[in-house]
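Engineer: turn this into a structure:
(4 chains)
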There are 2 protein chains.
Amino acid sequence: MAALTPVQEKFILHWGEMGTKWGVNRTVAQIHALLFLWPKPMHAEEIAETLSVARSNVSTSIKELQGWGIVKVVHVMGDRRDHFESMKDVWELFRVVLDERKRREIDPTLALLRECVAESAQGKAEDTHTRERLTAMLDFFETMAGWYDQIRRMPTDAAIKFVRMGGRIQKLLGLAS
Amino acid sequence: MAALTPVQEKFILHWGEMGTKWGVNRTVAQIHALLFLWPKPMHAEEIAETLSVARSNVSTSIKELQGWGIVKVVHVMGDRRDHFESMKDVWELFRVVLDERKRREIDPTLALLRECVAESAQGKAEDTHTRERLTAMLDFFETMAGWYDQIRRMPTDAAIKFVRMGGRIQKLLGLAS
DNA sequence: CTCCTATTTCTGTCTATACTGAAATTACTG
DNA sequence: CAGTAATTTCAGTATAGACAGAAATAGGAG
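Structural biologist: Here you go, the predicted model:
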């Protein structure tokens, strides 16, 4: 039941590998790839069979994907089982993932860097070098975070236009070196 | 020998955790953090002692960091041992890492998506839905890769100005929704 | 050429995480 | 309010990756 075409399998396996390289569990990434490709919502049993993983593993992974906000439960009339579907819009998908990674990883790093710089400043003149380094790092993260927040606020279509325009903006603004 | 200040330790430990969340070995990330903070090049023995890891582990991790292109060997007069130092400029650092991740992960994904879309097209009208999804994904990756390549070509200071300008560009270009 | 130091490679061990299957829970249906 | 289907939790197992220590290699210096 629900056998994969060679192309589907190829993509799902690759997506799983990509996941591991970016700190995402392989099965989680595979399930996401499957739901992304699949034309209609799937229930847990179906996912488990299609990917040959344990039913319980699917349960855990789905929760993870829901935690990231990229998979939602839907219900099918006359079927008591939960069905799951992935967010369809690729741009929206990556935006959600980036938001979440910023919230979970970048924001705490910013907080820590601020603490470190502050504590380092109290330590008198000792360790000026460390303070300089941490300040440079903090400055980088603050700039990038601020930039992302601004892009983030754009409606999707504006963001897409913005990206498609790419480096041409450079010339427009006379930023060339 | 070479004891860490509390601030240094805090940053190094955090950087290690960050590494794991982004698919980088904890020790590799810690060594990088150490070299980033340290005012002068360190030899392997010194690194091993400071972080309390095995000498061999340092050797492997340093090779990894060299593979990423963010750590270089330098030599100190009258000392036969290799000394290592991290790239200093934070902007340059992230640029190098992004370049490498693009080369290792994004470009192969692009290639695979192109293959999948092509193969899927041969399969006649069957599986139109999968083809649509893969095409949307490919389009996203191509757009982002193209965008990155353009930013990538800017000299660092232009890129920084560009990022610092951030969303204001939106208004300048009248992209507001 | 030999000794010595530095570095890398290799193999086995350990640990964190992923995963499974069973049991427990939840929530529907007749 | 049983009885059943679906889902989650849990506890044990398996596995991949990280790591240490030993052995091998490389590469001077005398």
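Engineer: what sits up against the helix or strand where residue A:120 lies?
Structural biologist: Per DSSP states H and E, residue A:120 falls inside helix A:107-122. Contacts of helix A:107-122 with the rest of the structure, by Cβ atoms under 8 Å, 6 or more residues apart in numbering or on different chains, involve A:127, A:130-131, A:134-135, A:137-138, A:141-142, A:145, B:6-7, B:10-11, B:14, B:18. In short, each C-beta sits where N, CA and C put it, glycine included.
Engineer: now it: buried residues?
Structural biologist: Across helix A:107-122, burial judged by 16 or more other Cβ atoms under 10 Å in any protein chain shown covers A:109-110, A:112-113, A:116-117, A:120.
Engineer: with stretch A:81-93 instead?
Structural biologist: So stretch A:81-93, judged by 16+ other Cβ under 10 Å, has buried residues A:83-87, A:90-91, A:93.
Engineer: ok so, going back, so which of the contacts of helix A:107-122 reach DNA strand D?
Structural biologist: With Cβ under 7 Å from any atom of the strand as the criterion, no member of the contacts of helix A:107-122 is in contact with DNA strand D.
Engineer: which parts of chain A belong to which domain?
Structural biologist: A:6-86, A:90-169 (automatic domain parsing).
Engineer: follow-up on the earlier one: of the buried residues of stretch A:81-93, which are in range of chain B?
Structural biologist: A:90-91 (Cβ under 8 Å from any Cβ of the partner chain).
Engineer: dump the buried residues of stretch A:81-93 to JSON lines, plus secondary structure, pLDDT and distance to DNA strand D.
Structural biologist: Formatted as JSON lines, the buried residues of stretch A:81-93 follow (DSSP: H, G, I helix; E, B strand; the rest coil; pLDDT from 0 to 100; distance: Cβ to the nearest atom of the strand, whole Å):
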{"residue": "A:83", "secondary structure": "strand", "pLDDT": "94", "distance to DNA strand D": "7"}
{"residue": "A:84", "secondary structure": "strand", "pLDDT": "96", "distance to DNA strand D": "9"}
{"residue": "A:85", "secondary structure": "strand", "pLDDT": "96", "distance to DNA strand D": "13"}
{"residue": "A:86", "secondary structure": "strand", "pLDDT": "96", "distance to DNA strand D": "16"}
{"residue": "A:87", "secondary structure": "coil", "pLDDT": "96", "distance to DNA strand D": "19"}
{"residue": "A:90", "secondary structure": "helix", "pLDDT": "96", "distance to DNA strand D": "26"}
{"residue": "A:91", "secondary structure": "helix", "pLDDT": "95", "distance to DNA strand D": "28"}
{"residue": "A:93", "secondary structure": "helix", "pLDDT": "96", "distance to DNA strand D": "22"}
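Engineer: which one among the buried residues of stretch A:81-93 gets closest to DNA strand C?
Structural biologist: Nearest to DNA strand C among those: residue A:83, at 13.7 Å, using Cβ to the nearest atom of the strand.
Engineer: packing partners for the biggest helix by length in chain A?
Structural biologist: Counting by DSSP state H, the longest helix found in chain A is helix A:128-153. Packed against helix A:128-153, as judged by 3 or more Cβ pairs under 8 Å, 6 or more residues apart in numbering or on different chains; DSSP states H and E, are the following elements: helix A:90-101, helix A:107-122, helix B:6-21, helix B:26-37, helix B:90-101, helix B:156-165.
Engineer: wait, which of those is closest to residue A:26?
Structural biologist: helix B:6-21 (15.3 Å; Cβ to Cβ).
Engineer: how far does the closest one sit from its chain's centre?
Structural biologist: Chain-centre distance of helix B:6-21: 16 Å, with Cα atoms, centre = their mean, to the nearest Å.
Engineer: in that helix, what counts as buried?
Structural biologist: Under the neighbour-count rule (16+ other Cβ under 10 Å), helix B:6-21 has B:7-8, B:10-16, B:18-19 buried.
Engineer: now narrow those to whatever sits close to chain A.
Structural biologist: Within these, those near chain A by Cβ under 8 Å from any Cβ are B:7-8, B:10-11, B:14, B:18.
Engineer: which residues touch the residue nearest the centre of chain A?
Structural biologist: What sits nearest the mean C-alpha location of chain A, by Cα atoms, centre = their mean, is residue A:97, with 2.5 Å. Listed by Cβ under 8 Å, 6+ apart, the contact set of residue A:97 reads A:68, A:70.
Engineer: now do it against DNA strand C, distance only.
Structural biologist: 16 Å (Cβ to the nearest atom of the strand, to the nearest Å).
Engineer: and for residue A:11?
Structural biologist: 17 Å.
Engineer: any idea of the pLDDT on that residue?
Structural biologist: We have a pLDDT of 97 for residue A:11.
Engineer: which one of the contacts of helix A:107-122 is nearest DNA strand D?
Structural biologist: residue B:18 (13.7 Å).
Engineer: so where is chain A shaky, pLDDT-wise?
Structural biologist: Residue ranges of chain A with pLDDT under 70: A:1-2, A:125-126, A:166-167, A:169-177.
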